[in-house]
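> I need the structure of the sequence given here:
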Amino acid sequence: MIIANITLPDGSKVARKILVIDAHSHLGSDIDGVNNMNPMAAGGTYNFYINTESKIKQEKSDLMSYEVSLNGKSHKFEFEFAPLPFIYNLFKYFKKIGDSSYANDFDKMNGGWLIDHGVVFPFQDKFRDNKPEAQYRASNLNIARFTTHFPNSVRLIGYCRVNPRQPQASDEVNHSIQELGLRGLKLHPRSDGWTDEIASNFAVNVLITAAKNSIPVIFDTRGAQSILDIHQLVKRTRNQLKKSASNLISHLKVIVAHCAMGYIGNNDVYRVLTDPNIWGEISMLHGKGTIDFFITFMNWYKDNFPNHSKRWSEKIIFGSDFPYFTPIHAKDNIWFLISKQFFENGGTLTDTENILGLNLLKLLPSYSKNNKLKRSEYTGHSHVYLSGTSNTELYKNASKLTAELIRKKRLDINQINFMFNQGFYNISNNLLIKGTLNTKKKTRILVHDFIKDNLMLYTTLDPDIKWNYMGFRYFNPKDQALFIKAYKMNIERDFSSQYRTFNENLL
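Sure thing, here's the model as predicted:
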């Protein structure tokens, strides 16, 4: 996470927390010899995060504090990198107690907290045909093995991959999302042999399946023509949805990878990125190209769409394409988006937040689809109010309680969902844990402040209660169901009582 500490012209100070999500990386073993079989291994995903953060600190530490004129008035910006408190404290606790399963994970991640979450999906894996159900079934199982189980589930977002030319492709998408718990789809026309058929019927069918699951679909691209062909595919799919399921149009979410390097100033490509169902991902971009792309696209968009409801930055997504590209590429893009040069040329912190994390986050199904949950699959209600003397202490207590549930094999975390306060540009420390108990029952655990610096609500969220990622308010009628469930003030002062009170009601 990036924290922007800002001194305003009147001398007052504000802080903005900026999520960083890498929207493009691989896990597995490619037939071309490139591999990343374990994100925790030396040279793996977390090592990439550490090296990216280290490079920015080594090369730019003297430039992370500066004054810049915005709208004719002087502002002082100071940037720092910090971990998300809950996740940091979770791993720190395992290290502190010397847990045999997770004690070393903190050291494997420490120093790499700049990138909060990362999307991972299959290569053209050597083992992609190892399962008979569909090509890439084995690869998708491998992604799920890492990304839907602790410890990697709190930092990685898993996408599946399919070959849309196969008749089983749509079934494999459904299986990967609905059964394995993956959250997006990767398509690679070149390596799977359908570069000349991008706008074909079989691809339309797969995109419709993705829309039904409300997942983002990221396409590898090779050359401007492939980007234009993807645009035709999106238009064909949208037209089909208009005829058969218009309510799904907003769930058609296509990301064009490698949209920038080689296309700087290309108006045809820029127009593709303005399609309401398309976003551009900038991996491969580096060096001077980084500066040129962001400034030219920003100015082109403002000139051609001065009254558009969306900002130019709402169409661009940060990604690295690790391990094919190095920390140098990631460093160049992250750094420019917090540099004085970016703001002097018309960029804003809102643009930085959009590109580095929010755009991708909003495309994930947790933030775009309200799934109806089956009560029979979920645990009963349990809650406890954690006490403390500061919010810092409260979140440490929540991490400790979660860690003990994991350590005692009561809980496996499947995913972490961030929460916000009155808008996406104000991330809170509250979060939702989606997990599975050792009884095989599913659970949703809400970690939510209740009384600042005093009480925190740690509660299961019943299946009939809609998760509100903008936070719950005690006096909001829409949130009353949650607080009625948690009406009994189970306030426990010592940790053993907190754990016992919460655990004994988990059925």
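> Quick one: low-confidence residue ranges for the protein.
For the chain, the stretches with pLDDT under 70 are 490, 492, 507.
> Okay, domains of it per the record?
Using the TED database, the domain ranges for the chain come out as 2-363, 383-506.
> Stretch 261-281: which residues count as buried?
The neighbour-count check on stretch 261-281 (16 or more other Cβ atoms under 10 Å) flags 261, 263-264, 266, 269-270, 272-275, 277-281 as buried. Every residue, glycine included, has its C-beta placed from N, CA and C.
> my bad, stretch 172-180
Neighbour-count burial for stretch 172-180, counted by 16+ other Cβ under 10 Å, picks out 172, 173, 175, 176, 177, 180.
> cool, and stretch 499-507?
Under the neighbour-count criterion of 16+ other Cβ under 10 Å, stretch 499-507 has 499, 501, 502, 503, 506 buried.
> the helices in the stretch 151-300 of the chain, which residues?
Applying DSSP state H, counting those that start in this stretch to the stretch 151-300 of the chain gives helices spanning 169-174, 201-212, 224-244, 267-273, 288-304.
> Turn those into TSV, including distance to residue 462.
Formatted as TSV, the helices of the stretch 151-300 of the chain follow (distance: least, Cβ to Cβ, whole Å):
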stretch	distance to residue 462
helix 169-174	26
helix 201-212	26
helix 224-244	33
helix 267-273	41
helix 288-304	44
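> Ok, which of those helices comes nearest residue 43?
Checking the helices of the stretch 151-300 of the chain against residue 43 by Cβ to Cβ gives helix 288-304 as the closest, at 24.5 Å.
> quick one: contacts of that closest one?
Helix 288-304 has contacts (Cβ atoms under 8 Å, 6 or more residues apart in numbering) with 260-261, 264-265, 267, 270, 273-274, 282, 285, 308, 312-313, 315-316, 332-333, 336-337, 341-342, 345-347, 351.
> Going through the residues you listed, which ones are buried?
Among those, the ones that count as buried by 16+ other Cβ under 10 Å are 260-261, 264, 270, 273-274, 282, 285, 312-313, 315-316, 332-333, 336-337, 342, 347, 351.
> Am I right that residue 435 sits in a strand?
Yes: Residue 435 forms part of a strand when assessed by DSSP: H, G, I helix; E, B strand; the rest coil.
> Show me what it is bridged to.
Beta-bridge pairing for residue 435 (DSSP bridges): residue 413, residue 443.
> What count of nearby residues applies to the spatially closest residue to residue 207 that is not a sequence neighbour?
Leaving aside its sequence neighbours, residue 207 sits nearest to residue 237 (Cβ to Cβ, 6 or more residues apart in numbering; 4.4 Å). Around residue 237 sit 25 other residues, with neighbours defined as other Cβ atoms under 10 Å.
> Is it correct that residue 237 is in contact with residue 204?
Yes: using Cβ atoms under 8 Å, residue 237 is in contact with residue 204, at 4.9 Å.
> Show residues contacting stretch 305-312.
274, 297, 298, 301, 302, 350, 351, 354.
> what about burial for those, which qualify?
Buried among those (16+ other Cβ under 10 Å): 274, 297, 298, 301, 351, 354.
> what's the farthest-apart pair in the residues you listed?
Pairwise distances across the buried ones among the contacts of stretch 305-312 peak at 15.8 Å for 274 and 351 (criterion: Cβ to Cβ).
> Against residue 156, how distant is residue 174?
Distance from residue 174 to residue 156, counting by Cβ to Cβ, to the nearest Å: 22 Å.
> Could you do residue 16 as well?
Look at residue 16 and residue 156: by Cβ to Cβ, they are 25 Å apart.
> In terms of packing, which of the two has more residues around it?
More crowded of residue 16 and residue 156, by other Cβ under 10 Å: residue 156, with 22 against 18.
> contacting residues for the more buried one?
Contact partners of residue 156, counting by Cβ under 8 Å, 6+ apart, are 27, 39, 45, 117, 118, 119, 120, 146, 147.
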